[in-house]
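# Have a look at this prediction, sequence included:
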Amino acid sequence: MSHNKSLRVAAAAVALAMAGTTGFAMAAQVPAGVKLAAKQELTRNTGSEPESLDPVLAESVPANTITADLFEGLTATDSFGKVMPGVAESWKQTSPTTWVFKLRKNAKWSDGSAVTASDFVYGWQRFVEPKTASPYASTYGIFIQNGKEITEGKKPASSLGVKAVDKYTLEVQTPYPVPFMPSLVANTQLAPLPKATIDKFGKDWTKPGKMVSNGAFALKDWQVNSKVVVEKNPQYWDLKNVQLAKITYLPIEDHNADVKLYESGENDWVLELPSGTYDKYKAQYPKEIRNAPFLGLRYYSLNNKDPLLKDVRVRKALSMVIDRDILAKKVTADGQAPAYSAIVAGTAGADVTSYDWAKWPMAKRVEEAKKLLAQAGVQPGTKLKFAYNTSDYHKKMAIFAASEWKSKLGLNTELESLEFKVLLKKRHDADYQIARNGWVADYNDATTFLALVQCDNDQNDNKNCNAKAEALIKQGSDTTDQAKRKQLFTQAVKMIMDDYPMIPLLQYTAPRLVKSYVGGYGKNPMDRYRGKDLYIIQH
Amino acid sequence: MWSYTFRRVLATIPTLLAVITVCYLLLHLTPGGPFDGERKVSAAVLANLQAKYHLDLPLWQQYLYYIKSLLQGDLGASFRYADWSVNDLVGKALPVSAAIGGGAIVISLFIGVALGIVAALRQNSLIDYFVMLLGNIGGAFPSFVLGPVLVMVFAIGLEWLPAGGWDDFSLRYMVLPIALLVFINISTIGRVMRGSMIEVLGSNFIRTARAKGLPMRTIVLRHALKPALMPVVSVIGPLAISSITAAVVTETVFGLPGLGKLIVNGAANRDYTLVLGLVVLVTVITVVLNLLVDLAYALLDPKIRY
């Protein structure tokens, strides 16, 4: 996400003592009575080959999953998504735009040297530098003072708002209040980095035998397109709470092959079940099926500049008649919940909004939608063009939506199945009418979802803009009063959603199989599970 | 023959250049770029990424830059896999594909030829029907059906072999993928061999051999085998190329880190350098195998001279 206009800090500097002190229990503690297996080894599928094991270059699920085990930032999130201390023991917001993190003195790199505040300064500067070309630089970098300008090449990396006050104190300046800072710095893109190792080996520093890392695990083996293996890092500061001795990550892309490996005992963790098999596997493996909602939204982008769709009444009619309950229960049938807002349940910083008509009987919704179309002068038989990327899952949903529009409104939909990159290009260039879309939160705050519907945001494929709502968002971003911020954001979302810029459909869940002997698997709203929190139960 | 081989190798250079140029242009014409993702990168990040991979230069300069590094044996940096060069990626995938595809071709050649001979000798007998049925199954069932069946039986049911994966050329992981490719390849080889053998056995020089009273074994092995192998040699080239470089389905079913998977992912990710590197490799393999096939003709047929 990106804030396009610079946000001023509220004049009234209110020193906040919110959030941040420690005293939490550490993660990965095995409940009393649970007997651990002698062999603490886990094999999990991460879905594809990681594009890099350099934390600042990590972008995909596999790269983020593996680097989160290899590296630890100031904070970390546990299996329930709760922010835990990482390298930082405690933190405090000392002014609306200043955060101070106190680092623990026993945090070490895998080569035994101490992790210090300057390792964070180096890592963060490297993260936003243009020559690193990190894909996430514009996503997280903008929350650090001068981060945006550095990525744009307008300022030197040394001007980044992060400073080592002393060896174990890190001070972070933000361009505007960032209340979710403790959650943000859990991302491995903001982990400390080993300067000496990177200087010595260059691009090859992420290879086994060369990599120095500070997480609970250290890199042992990396066979491209085959597996990545990590082992417990004996130098890790919280070693006593790390149970797993070894984790093997598989890059299996084919969902069926993933399940086959699981059934033959070579994989403990199916990343994603094949489309349409949830009920079958739920019945077959009742103790192993796991399915929790996470912060992700399936939606259809409506091109708000399209001649037909620029009329809000048409957009509203299209959204109203899609029966999300049937879509969730009968079509996708994998435990997802209907969505009526750009914000999904569990998101911090804003409430989930909805539409009045969501509770109406369908007949009334159809009647109203027909009226709206008539008012807009749209005749039955009008043609819609819907683009999606080739996949059974998306196809199933698209056919359902098209049949809803046809049977309830008499509109004809031409379905266009595109290769993924072609769809992305068309979506980003607004060269479409209706397009499949989806978004998974980068951090747990409403701003990650607001990006989808904000004026001129890079992530806004709908090309909608509500100036009044934008003003509210800016006001909310500037305030240090969390309740006020939440209220302003919620109000803004409601206002934007009443413009019907897009059609929210479902909140993502992660239907997967995980062996019953894998302990520590919680319901994580970010769907991130660190090896540190997992263990193998005797079986 | 040596001058023929030398001329053929020399002719590879313009072929290679033409293939690279066409592929280069096609890749750049394809909509969607290497850095288009579900999360759109900001204009600044895109500019940084393009500068890092020289995509900010005019297309002809990028092309010359690529050709220059190619001449130095450098296939460039992968756009997708930032920690590896294309040389690294190809270097790791090629031995896997060569082991699986090459192994499968050698085994299927022996089995296919043997089955073809048996079927030809016992034409229209039960053995013949059985061989043809086997061949038709291998030919009619796609590998994405046969592969999972093999997994169900041998990995999940009998638990003899792993369902997939790869572990440093460990034989256990190679058996099922090789078996799948063999099954598919013998259907072609067996049928071609059968037809060709029947034809050869009906020819005049075989009748003469029979009339001389030569035992059938000698007739088949010494006189009929060589000419009957000619059509098999013709199909073995393309079969070997597809088994080594394009066994995408087999690699997907068994999760193998081979070339086919790299090509498909490279194309899907718009990893220009990776795709080009693989195209260069596949072209070289194709040229070499075709040359070997042509040289094999000369060995099998005394009438052919280069």
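Yep, it's here. Bear in mind that the values here come from a model prediction, so they are computed numbers and not experimental data.
# partners of A:Arg436 in the sheet?
Each beta-bridge partner of A:Arg436 is listed here, defined by DSSP bridges: A:Tyr300.
# show me what contacts residue 226?
You didn't pick a chain, so chain A it is. Applying CB atoms under 8 Å, 6 or more residues apart in numbering or on different chains, we find A:Ser226 in contact with A:Pro251, B:Gly165, B:Trp166, B:Asp167, B:Gly255, B:Leu256, B:Pro257. Glycine gets a C-beta too; all of them are placed from N, C-alpha and C.
# not quite, I wanted chain B
When contacts are counted by CB under 8 Å, 6+ apart, B:Lys226 is found next to B:Leu300, B:Asp301.
# let's go with 6 Å and repeat that
Under the criterion of CB atoms under 6 Å, 6 or more residues apart in numbering or on different chains, the contact list for B:Lys226 reads B:Leu300.
# so which helix or strand takes in it?
B:Lys226 is located in helix B:225-245, with elements delineated by DSSP states H and E.
# quick one: buried residues of that helix?
Within helix B:225-245, the residues that count as buried by 16 or more other CB atoms under 10 Å in any protein chain shown are B:225, B:227-233, B:235-237, B:239-245.
# Mind listing what's buried along stretch B:131-150?
Along stretch B:131-150, these residues count as buried under the neighbour rule (16+ other CB under 10 Å): B:Val131, B:Met132, B:Leu134, B:Gly135, B:Gly138, B:Gly139, B:Ser143, B:Leu146, B:Gly147, B:Pro148, B:Leu150.
# So which of those are in helices?
Among the buried residues of stretch B:131-150, the ones falling in helices (DSSP state H) are B:Val131, B:Met132, B:Leu134, B:Gly135, B:Gly138, B:Gly139, B:Ser143, B:Leu146, B:Gly147, B:Pro148, B:Leu150.
# Looking at these, spot the one nearest chain A.
Among those, B:Pro148 lies closest to chain A (CB to the nearest CB), at 6.6 Å.
# measure that closest one to B:Val41 for me?
Distance from B:Pro148 to B:Val41, counting by CB to CB, to the nearest Å: 38 Å.
# interface residues of the stretch 51-200 of chain B facing chain A?
Contact residues of the stretch 51-200 of chain B with respect to chain A, defined by CB under 6 Å from any CB of the partner chain, are listed as B:52, B:80-83, B:92, B:151, B:155-156, B:162-164, B:166.
# Now for those residues: which two are most distant?
By the measure CB to CB, B:Lys52 and B:Ile156 form the most distant pair in these, at 44.9 Å.
# re earlier: return the closest of the residues of the stretch 51-200 of chain B next to chain A with respect to A:Gln189.
Within those, distances to A:Gln189 taken as CB to CB reach their minimum at B:Ala82, with 13.5 Å.
# residue of the stretch 351-500 of chain A with the smallest distance to chain B?
Ranking the residues of the stretch 351-500 of chain A by distance to chain B (CB to the nearest CB) places A:Lys421 first, at 2.9 Å.
# How about the secondary structure of the residue nearest to that residue when sequence neighbours are not counted?
In space, not counting the residues next to it along the chain, A:Lys421 is nearest to B:Gly32; the distance is 2.9 Å by CB to CB, 6 or more residues apart in numbering or on different chains. Assigned by DSSP: H, G, I helix; E, B strand; the rest coil, the conformation of B:Gly32 is coil.
# and of the residues of the stretch 51-200 of chain B next to chain A, the nearest to B:Ser3?
Taking CB to CB as the measure, B:Ser3 lies nearest B:Lys92 of those, at 36.6 Å.
# Where does the closest one fall, secondary structure wise?
Per DSSP H and E: B:Lys92 is located in helix B:86-97.
# which element follows that helix toward the C-terminus?
Reading on from helix B:86-97 to the C-terminus, the next helix or strand found by DSSP H and E is helix B:103-121.
# can you list the residues of chain A near chain B?
Residues of chain A lying close to chain B (CB under 6 Å from any CB) are A:2, A:51-52, A:57, A:130, A:133, A:135, A:137-138, A:151-152, A:206, A:224-226, A:252, A:254, A:257, A:260-261, A:263-264, A:266, A:421-422, A:424-425, A:428, A:458.
# Residue 46: neighbouring residues, count only.
Using chain A here. Using other CB atoms under 10 Å in any protein chain shown as the criterion, A:Thr46 is surrounded by 21 other residues.
# should've been chain B
20.
# Against B:Phe154, how distant is the residue nearest to B:Val96 when sequence neighbours are not counted?
Distance criterion CB to CB, 6+ apart; nearest residue to B:Val96, sequence neighbours excluded, is B:Gly258 at 4.7 Å. When CB to CB is the yardstick, B:Gly258 and B:Phe154 sit 20 Å from each other.
# These two: which has the busier surroundings?
Under the neighbour definition other CB under 10 Å, B:Gly258 and B:Phe154 were set side by side, and B:Gly258 has more, 30 against 18.
# Could you tell me the phi and psi values at that one?
As for B:Gly258, its main-chain torsions (degrees, to the nearest 10) stand at phi -100, psi -170.
# got the contact list for it?
B:Ala93, B:Val96, B:Ser97, B:Glu251.
# Need the contact partners of the strand or helix carrying A:Lys396.
If you go by DSSP H and E, A:Lys396 is part of helix A:392-409. When contacts are taken as CB under 6 Å, 6+ apart, the neighbours of helix A:392-409 outside the stretch itself are A:Ser275, A:Val321, A:Ile322, A:Leu327, A:Val331, A:Val366, A:Phe386, A:Tyr388, A:Leu411, A:Thr413, A:Leu415, A:Arg436.
# Try it again at 7 Å.
The list of residues contacting helix A:392-409 from outside it, by CB atoms under 7 Å, 6 or more residues apart in numbering or on different chains, reads A:275, A:300, A:317-318, A:321-323, A:327, A:331-332, A:366, A:369-370, A:373, A:380, A:384, A:386, A:388, A:411-413, A:415, A:417, A:436.
# just stretch A:239-247 next, same as before
A:26-30, A:36, A:40-42, A:44, A:69, A:216-217, A:229-232, A:236, A:531-532, A:534-535.
# That stretch spans what distance, first to last residue?
Separation of the first and last residues of stretch A:239-247 by CA to CA, to the nearest Å is 15 Å.
# List the buried residues for that stretch?
A:Asn241, A:Val242, A:Gln243, A:Leu244, A:Lys246, A:Ile247.
# before we move on, back to that, and the residue nearest to B:Val96, what pLDDT?
Reading off the confidence values, B:Gly258 has pLDDT 91.
# just A:Ala32 next, same as before
Spelled out, the predicted local distance difference test score at A:Ala32 is 86.
# Just to be sure, it is in a helix?
No. Judged by three-state DSSP, A:Ala32 forms no part of a helix; its state is coil.
# who's in contact with it?
Contacts of A:Ala32 were listed using CB under 7 Å, 6+ apart, and none were found.
# how close does it get to A:Lys523?
For A:Ala32, the distance to A:Lys523 (CB to CB) stands at 21 Å.
# now do A:Asp111
Computed as CB to CB, the A:Asp111 to A:Lys523 distance reads 36 Å.
# Stretch B:28-36: how far from the chain's middle?
Remark: stretch B:28-36 is offset 27 Å from the chain centroid, using CA atoms, centre = their mean, to the nearest Å.
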